[in-house]
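Engineer: test case, fold it:
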Amino acid sequence: MTVEIELKFIAAPAAVAALPAKVSSLKSQHSAPQHLTNIYYETPDNTVRGMDMGLRIRGFDGRYEMTIKTAGKAMGGLHQRPEYNVELEEPTLDLARFPAEIWPEGCDVMALQGELQPLFQTDFMREKWLVTFQQSEIEIALDQGSVKAGELSEPLCEIELELKTGNTDDLLALAAWLGEEGGLRQGGLSKAARGYHLAKGNEPRKIRPIPVWTPPAKATVEQGMAGVLELALGHWQYHEELWLRGDKQARHAVIEALVMVRQALAIFGGLVPRKATSDLRNLFNDLEPQIADPAVEGQTLCFSPAYLKCKLALTSYLATAGWNAHVDAKSRQKLDGSFKRFADIMLGRTAADIKEAFSRPLTDEGYRDQLPRLNRQIIALHLLAGAYPQSAWQGYIENWQALQQSIVQQQQAWLEAARKHAVQQPAFWLNGTPTKNA
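Structural biologist: Numbers count the residues shown, from 1 in each chain. Just a heads-up that it's a prediction; the model follows:
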């Protein structure tokens with residue numbers, strides 16, 4: 001087994017053209033372009049995908065390799081996923097050659113193999129450079145071709161950085177260096193993800209509502225902090241893809257994702273010193289107005305150096321636990337504490353803040369003035385409420401969202417009723433303060 005640690009980028013033509021000269025300034029070993037064909041397999045009821053796995057046979061230079069990738073982790077364009085590779089004499093599946101322990105308990109491997117069928121394939125030319133960068137050896141791969149499923153296809157033009165030896169810091173630093181002239185954006189969708197989507201008919205992807213982060217059992221505060229930031233980054237990546245594919249409404253969801261990051265930094269700001277996030281916050285300060293400006297084209301902005309720098313900064317902060325160097329012993333003890341207890345405290349503060357803002361009837365102008373505050377705190381509720389079952393928090397959040405929509409849509413007839421209904425809600429979290437009538 002190997003664990004891939006790689007960064008994936010969608011590359012504009014100018015970045016592709018500039019790559020060889022850029023890499024030539026580094027100590028490197030060049031590999032001539034090679035044609036690769038990958039055939040991905042699945043059952044009619046998507047059993048492999050349901051196990052969070054991907055199965056393929058790759059053909060190159062008259063040789064074949066069977067690969068299965070098991071459940072991993074992706075943050076922005078940074079992908080970490082265990083994979084198992086087996087050389088084959090011919091392009092025929094032989095699942096018994098994979099380690100038995102990778103399969104879920106009760107999985108009948110031979111029965112599974114009998115149900116597998118080709119689902120989609122990728123065809124591309126790959127050109128590679130193995131470079132020495134700082135303390136690490138990193139492979140840079142340029143892939144140009146297409147992914148196909150039946151009659152449907154879409155082009156591929158990607159640059160992937162894979163850490164061979166060394167550390168993730170160097171991988172991220174190399175990515176930032178390559179992106180200094182623009183033309184790169186972090187790719188949230190792998191080749192396989194695009195192929196699966198094509199195989200399902202390539203239906204337009206839908207805007208997703210702000211998600212609620214669900215912590216694992218006995219999660220620490222630190223896990224919660226990383227978890228909500230990863231949630232925001234995933235929301236950003238997903239809707240950036242939609243925005244660039246022509247969905248104009250997705251721009252608003254990208255802005256929501258940036259507000260999610262800001263709220264997460266504010267929620268945990270008492271535990272992590274401001275100096276740990278000052279650079280990140282400054283990058284967001286510069287980027288947010290550009291995203292919100294309707295005159296700015298997504299294709300231009302999302303491939304710009306500043307945009308990439310901001311997203312890489314957040315990816316790096318998460319991947320390297322960038323807060324650790326700034327945390328003292330007292331804060332470390334708090335970060336190691338219970339996320340649920342922390343969430344209870346912060347939910348109480350969040351509720352107190354928005355209830356104070358809407359504790360009495362407001363003028364139309366007053367409601368509009370308080371809307372940004374309401375927007376931020378609704379997002380805070382999404383980041384904190386997941387320690388409780390959906391049945392506990394869903395109605396509470398929806399009532400604040402009803403007030404939010406009434407303000408946005410200027411529904412004066414509903415504003416007062418929506419305000420009262422939201423403010424009078426009882427707390428769903430532990431040790432919630434009883435609510436007084438508005």
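
Engineer: contacts only, for residue 180.
Structural biologist: residue 305 (CB atoms under 8 Å, 6 or more residues apart in numbering). For every residue, glycine as well, the C-beta is placed using N, CA and C.

Engineer: and it, how far from residue 304?
Structural biologist: Here residue 180 is placed at a distance of 11 Å from residue 304 (CB to CB, to the nearest Å).

Engineer: show me the shaky parts of the stretch 101-250 of the chain.
Structural biologist: Within the stretch 101-250 of the chain, not a single segment meets pLDDT under 70.

Engineer: try it again with 90
Structural biologist: 104-106, 187-193 (pLDDT under 90).

Engineer: could you pull out the strands for it?
Structural biologist: For the stretch 101-250 of the chain, the strands defined by DSSP state E, counting those that start in this stretch cover 117-133, 136-149, 152-165, 184-186.

Engineer: give me whichever of those is most buried.
Structural biologist: Most buried of these by mean neighbour count (mean count of other CB atoms under 10 Å) is strand 184-186; its value is a mean of 26.

Engineer: gap between that strand and the chain center?
Structural biologist: 13 Å (CA atoms, centre = their mean, to the nearest Å).

Engineer: likewise stretch 14-26?
Structural biologist: 27 Å.

Engineer: in that stretch, what counts as buried?
Structural biologist: 15-16, 18-19, 23 (16 or more other CB atoms under 10 Å).

Engineer: in JSON lines: the strands of the stretch 101-250 of the chain, plus distance to residue 27.
Structural biologist: Shown next, in JSON lines, are the strands of the stretch 101-250 of the chain (distance: least, CB to CB, whole Å):
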{"stretch": "strand 117-133", "distance to residue 27": "4"}
{"stretch": "strand 136-149", "distance to residue 27": "10"}
{"stretch": "strand 152-165", "distance to residue 27": "14"}
{"stretch": "strand 184-186", "distance to residue 27": "22"}
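
Engineer: out of those, which gets nearest to residue 64?
Structural biologist: Of all these, strand 117-133 sits nearest to residue 64, with 13.5 Å by CB to CB.

Engineer: CA atoms only: put that closest one into CSV for me.
Structural biologist: Taking Å, rounded to 0.1, in the frame of the first residue of the first chain, the C-alpha atoms of strand 117-133 are listed here in CSV:
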residue,chain,number,x,y,z
GLN,A,117,-18.4,-3.7,-15.8
PRO,A,118,-16.4,-0.9,-17.5
LEU,A,119,-18.1,2.4,-16.6
PHE,A,120,-15.9,5.2,-18.1
GLN,A,121,-12.4,5.8,-19.2
THR,A,122,-9.7,8.5,-19.2
ASP,A,123,-7.3,9.0,-22.1
PHE,A,124,-4.5,11.5,-21.8
MET,A,125,-0.8,12.2,-22.5
ARG,A,126,1.2,12.5,-19.3
GLU,A,127,4.5,14.4,-19.2
LYS,A,128,6.5,14.2,-15.9
TRP,A,129,9.3,15.9,-14.1
LEU,A,130,10.8,14.7,-10.8
VAL,A,131,12.0,17.8,-9.1
THR,A,132,14.0,18.5,-5.9
PHE,A,133,12.4,21.4,-4.1
